[in-house]
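# I'd like to go over a predicted model; first the sequence, then the structure.
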Amino acid sequence: MPEDERLVALEPRGGAAVRAGDDHLARDQVQRPATLRAVDRFDELGHTDGMLMGWSNIASFMGSLGALRRGSLLTVVLLFAFLSLLLLAIVAIVDYVFQAHAFPGGFAIVVGIALFFILFEWLISPAIVRWAIRSREPVTAESNPWLYNTVQELTRQAGVPMPRIWVSGDSSPNAFVFGRTVASSELVVTQALLQRLNQDEIRAVLAHEIGHLRHRDVVIVTLMSAIPLIAYVIARFGFEMMRSGVRTRGKGGGQAVLVIILSAVASYAIYLVTQMLVLYLSRTREYYADAYSGAATRDPHQLASALTKITYGLSLAPSDSEPTGLRAFMIGDPVRASADYDELTEKMNAYDLDKDGQIDAYELQKAIEVEKKSHWRRANELFGTHPPTYKRILMLEEMEEELKKGGLPPNIYQFV
């Protein structure tokens with residue numbers, strides 16, 4: 001049996017997933033400062049006298065799940081609206097340049113080209129990802145019983161097909177799912193993640209990834225990502241035409257050149273807008289998968305702890321240790337990890353008002369109030385594929401508080 005598929009030991013739940021050995025990162029994870037152990041259990045200082053537990057807060061939390069759904073749906077609608085606008089503009093430009101109606105079936109041809117781009121990305125993406133992870137054999141029930149059985153249990157709970165499981169040899173902790181459909185999906189976990197998280201944390205990460213399958217994020221994000229790509233290709237084509245000094249014959253040639261310039265600029269503008277919409281969609285789906293993990297495991301704190309370790313591990317990893325083109329699919333963003341971990345440290349220290357190394361219910365409420373008022377921080381997130389880790393932790397710990405008080409229904413995962 002390959003060494004990398006024997007990393008998860010069959011130990012009691014909550015025990016170390018693997019031997020830490022002399023691994024400096026694994027040792028650091030055990031000895032992290034208290035503030036950075038994700039967010040520890042609350043109620044240490046008596047701040048929980050119903051402060052967060054009223055029905056209004058339960059409704060607010062459930063309402064936030066509804067907002068995630070509505071936000072995702074609206075984003076998809078807007079993306080298709082921008083794509084339609086772009087296609088109509090191209091047809092109008094083609095008709096203008098080549099004389100009105102001299103290009104019969106123009107709209108159908110342009111739509112066909114756009115659909116070809118989307119279909120091509122959908123078909124080829126899984127093969128590219130599989131090549132990038134460089135894993136020889138998928139995990140089986142014989143090669144890694146704990147990992148296989150845990151994924152099987154979570155997929156049954158979610159009501160989704162069992163994905164193929166791969167263990168990547170990457171030196172940074174991460175996990176992601178990919179595939180053309182939910183039925184043909186594949187799950188990747190890195191060797192570093194199995195080494196540096198305990199079994200409960202790994203299970204929470206796996207539940208997050210199964211949440212992506214349950215929400216069909218694999219298909220949605222892949223297809224939606226093709227829309228800004230189409231706009232970008234059209235913009236580049238227009239700019240290359242201008243750079244090569246393209247000329248049009250006959251009267252109105254100057255106007256035709258102007259139309260080409262305007263269409264290239266408009267296409268690039270649509271590319272920027274749709275790219276930000278796709279990034280927003282990606283961030284929203286991460287929150288949604290986090291919520292599913294917390295609901296399915298009934299222990300959101302485990303994912304909060306896992307996210308802290310993942311962010312810390314990614315911040316130490318070499319910049320070329322992971323294929324950054326896959327960053328939108330991963331549970332942690334390897335590109336922003338260093339800055340994200342610094343921000344996590346800063347925020348958790350700032351919100352730990354009594355400096356006891358923990359965020360209690362009172363401090364959590366204050367932190368959420370501050371974050372809701374911070375419009376500048378929201379603007380800073382526009383170009384990120386993932387929400388800041390500290391915000392994800394705050395949401396998970398709010399969910400933890402509700403679960404501890406019995407405020408969330410036992411079958412809440414049906415809502416997420």
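Sure thing, it's come through.

# from memory residue 239 sits against residue 263, does it?
No - taking contacts as CB atoms under 8 Å, residue 239 lies outside contact range of residue 263: 10.4 Å. Heads up, the C-betas are built off the backbone N, CA and C, glycines and all.

# Compare neighbour counts for the two and give me the winner.
Comparing residue 239 with residue 263 by other CB atoms under 10 Å, the one with more neighbours is residue 263, at 23 against 16.

# how near is that one to residue 149?
Using CB to CB, to the nearest Å, residue 263 is found at 55 Å from residue 149.

# what does residue 292 give?
From residue 292 to residue 149 the distance is 20 Å (CB to CB).

# Of the two, which one has the most company?
residue 292 (26 against 12).

# From what I see, that one and residue 209 are in contact.
No - assessed by CB under 8 Å, residue 292 is found out of contact with residue 209, at 9.8 Å.

# which element is residue 87 on?
helix 55-97 (DSSP states H and E).

# Just say helix, strand or coil for residue 165.
Three-state assignment for residue 165 (DSSP: H, G, I helix; E, B strand; the rest coil): strand.

# Show me what the strand or helix carrying residue 124 is packed up against.
Assigned by DSSP H and E, residue 124 falls within helix 106-133. Counting contacts by 3 or more CB pairs under 8 Å, 6 or more residues apart in numbering; DSSP states H and E, helix 106-133 is packed against helix 55-97, strand 175-178, strand 186-190, helix 217-243.

# Buried ones in stretch 390-406, by neighbour count?
390-405 (16 or more other CB atoms under 10 Å).

# Next one: the residue nearest to residue 271 when sequence neighbours are not counted relative to residue 241, how far apart?
Nearest non-adjacent residue to residue 271, counting by CB to CB, 6 or more residues apart in numbering: residue 231, 3.8 Å away. Separation of residue 231 from residue 241 (CB to CB): 16 Å.

# Tell me which of the two has more neighbours.
In this view residue 231 and residue 241 are compared by other CB under 10 Å, and residue 231 has more residues nearby, 25 against 15.

# my read: the more buried one touches residue 267, true?
Yes - contact criterion CB under 8 Å: residue 231 and residue 267 qualify, at 5.1 Å.

# what sits in contact with each of the two?
residue 86 (CB atoms under 8 Å, 6 or more residues apart in numbering).

# Which neighbouring residues are in contact with residue 217, exactly?
Counting by CB under 8 Å, 6+ apart, residue 217 touches 177, 285, 288-289.

# shared neighbours of residue 292 and residue 209, anything?
Counting by CB under 8 Å, 6+ apart, nothing touches both residue 292 and residue 209.

# Can you dump the C-alpha atoms of stretch 286-300 in CSV for me?
Output of stretch 286-300 as CSV, limited to C-alpha atoms (Å, rounded to 0.1, in the frame of the first residue of the first chain):
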residue,chain,number,x,y,z
GLU,A,286,-18.0,28.9,0.1
TYR,A,287,-20.2,30.4,2.8
TYR,A,288,-22.9,28.0,1.8
ALA,A,289,-20.7,25.0,1.9
ASP,A,290,-19.4,26.1,5.3
ALA,A,291,-22.9,26.3,6.6
TYR,A,292,-23.7,22.8,5.2
SER,A,293,-20.6,21.3,6.9
GLY,A,294,-21.6,22.8,10.3
ALA,A,295,-25.1,21.5,9.9
ALA,A,296,-24.2,18.1,8.7
THR,A,297,-21.6,17.4,11.4
ARG,A,298,-23.5,19.3,14.1
ASP,A,299,-20.1,20.7,15.2
PRO,A,300,-19.3,23.9,13.3
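
# So for it, what gets flagged as buried?
286-297, 299-300.

# Same list (these) but as a markdown table, adding secondary structure and distance to residue 347.
A markdown table is the format used below for the buried residues of stretch 286-300 (DSSP: H, G, I helix; E, B strand; the rest coil; distance: CB to CB, whole Å):
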| residue | secondary structure | distance to residue 347 |
| --- | --- | --- |
| 286 | helix | 17 |
| 287 | helix | 17 |
| 288 | helix | 22 |
| 289 | helix | 21 |
| 290 | helix | 17 |
| 291 | helix | 20 |
| 292 | helix | 24 |
| 293 | helix | 21 |
| 294 | helix | 19 |
| 295 | helix | 24 |
| 296 | helix | 26 |
| 297 | helix | 24 |
| 299 | coil | 22 |
| 300 | helix | 18 |
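
# now those residues as CSV including distance to residue 273 and pLDDT?
Below are the buried residues of stretch 286-300 laid out as CSV (distance: CB to CB, whole Å; pLDDT from 0 to 100):
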residue, distance to residue 273, pLDDT
286, 21, 92
287, 22, 90
288, 22, 88
289, 25, 93
290, 26, 93
291, 27, 90
292, 29, 92
293, 31, 94
294, 32, 92
295, 33, 89
296, 35, 91
297, 37, 92
299, 39, 92
300, 34, 92
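
# Include distance to residue 137 when you put the residues you listed into JSON lines, please.
As requested, the buried residues of stretch 286-300 are exported to JSON lines (distance: CB to CB, whole Å):
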{"residue": "286", "distance to residue 137": "29"}
{"residue": "287", "distance to residue 137": "34"}
{"residue": "288", "distance to residue 137": "32"}
{"residue": "289", "distance to residue 137": "27"}
{"residue": "290", "distance to residue 137": "30"}
{"residue": "291", "distance to residue 137": "33"}
{"residue": "292", "distance to residue 137": "29"}
{"residue": "293", "distance to residue 137": "27"}
{"residue": "294", "distance to residue 137": "32"}
{"residue": "295", "distance to residue 137": "33"}
{"residue": "296", "distance to residue 137": "28"}
{"residue": "297", "distance to residue 137": "28"}
{"residue": "299", "distance to residue 137": "31"}
{"residue": "300", "distance to residue 137": "33"}
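
# Can you tell me which of those residues is nearest residue 348?
In terms of CB to CB, no member of the buried residues of stretch 286-300 lies closer to residue 348 than residue 300, at 16.1 Å.
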